[in-house]
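> got a predicted structure here, sequence first:
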Amino acid sequence: MTYSAPPNPQAYYEQVWNVVRQIPLGKVVTYGQIAQMVPPPMGFEPQEYKAFGPRWVGEAMAACPADVPWQRVINSQGKISQRPGAERQRQLLEEEGIVFVKDKVDLKVYQWRGPGHEDEPRQAKLF
């Protein structure tokens, strides 16, 4: 079964934009990561949602209001998705201090792990 849009696109998009507004300066997240942070719409099984969520996040980002830092959302390979505005996205990220190696961002360095993880070191805590 294919789902071209979530059952209530505006409500879903608002949830996506609220997550994206929390991404700190100089950090990035992937479409799939945001989809994991937004609960599946009612009536969707997690596996079903996992298949369509990242695409829906992309649609939300294409329609986002001006106060959403859209440039901080990239694909799971650490790259900017090819589309109009891709060069501007890279420029904005570089202005935030994000370094590209060729056309890729090192997700181990720049990936935000979600609300509540801002100051957490990457290594597991031993206590």
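Structure received.
> any idea how far Phe100 is from Arg83?
17 Å (C-beta to C-beta, to the nearest Å). Heads up, the C-betas are built off the backbone N, CA and C, glycines and all.
> and the closest residue to Leu92 other than its chain neighbours, what pLDDT?
If you skip the residues right next to it in sequence, Leu92 has Gln71 as its closest partner in space, 4.1 Å away by C-beta to C-beta, 6 or more residues apart in numbering. Predicted confidence (pLDDT) for Gln71: 97.
> how about Glu120?
For Glu120, the model assigns a pLDDT of 51.
> elements contacting the lowest-mean-pLDDT helix or strand in the chain?
Least confident helix or strand, the chain: helix 46-62 with a mean of 93, by mean pLDDT, DSSP states H and E. Counting contacts by 3 or more C-beta pairs under 8 Å, 6 or more residues apart in numbering; DSSP states H and E, helix 46-62 is packed against helix 9-20, helix 31-37.
> and these as a markdown table, adding distance to His117?
Converted to a markdown table, those look like this (distance: least, C-beta to C-beta, whole Å):
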| stretch | distance to His117 |
| --- | --- |
| helix 9-20 | 13 |
| helix 31-37 | 11 |
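> so what touches the least confident helix or strand of the chain?
When contacts are defined by C-beta atoms under 8 Å, 6 or more residues apart in numbering, helix 46-62 is touched by residues 1-3, 5-6, 9, 12-13, 16-17, 20, 30-32, 34-36, 38, 40-41, 68, 70, 73, 76, 81.
> check which helix or strand covers Pro6.
For Pro6, there is no enclosing helix or strand under DSSP states H and E.
> pretty sure it contacts Pro39?
No - using C-beta atoms under 8 Å as the test, Pro6 is too far from Pro39 to be in contact (11.0 Å).
> so the two - more neighbours on which side?
More crowded of Pro6 and Pro39, by other C-beta atoms under 10 Å: Pro6, with 23 against 13.
> quick one: that one from Lys108, how far?
In terms of C-beta to C-beta, Pro6 sits 31 Å off from Lys108.
> how many residues are close by Gln10?
Residues near Gln10, counting by other C-beta under 10 Å, number 9.
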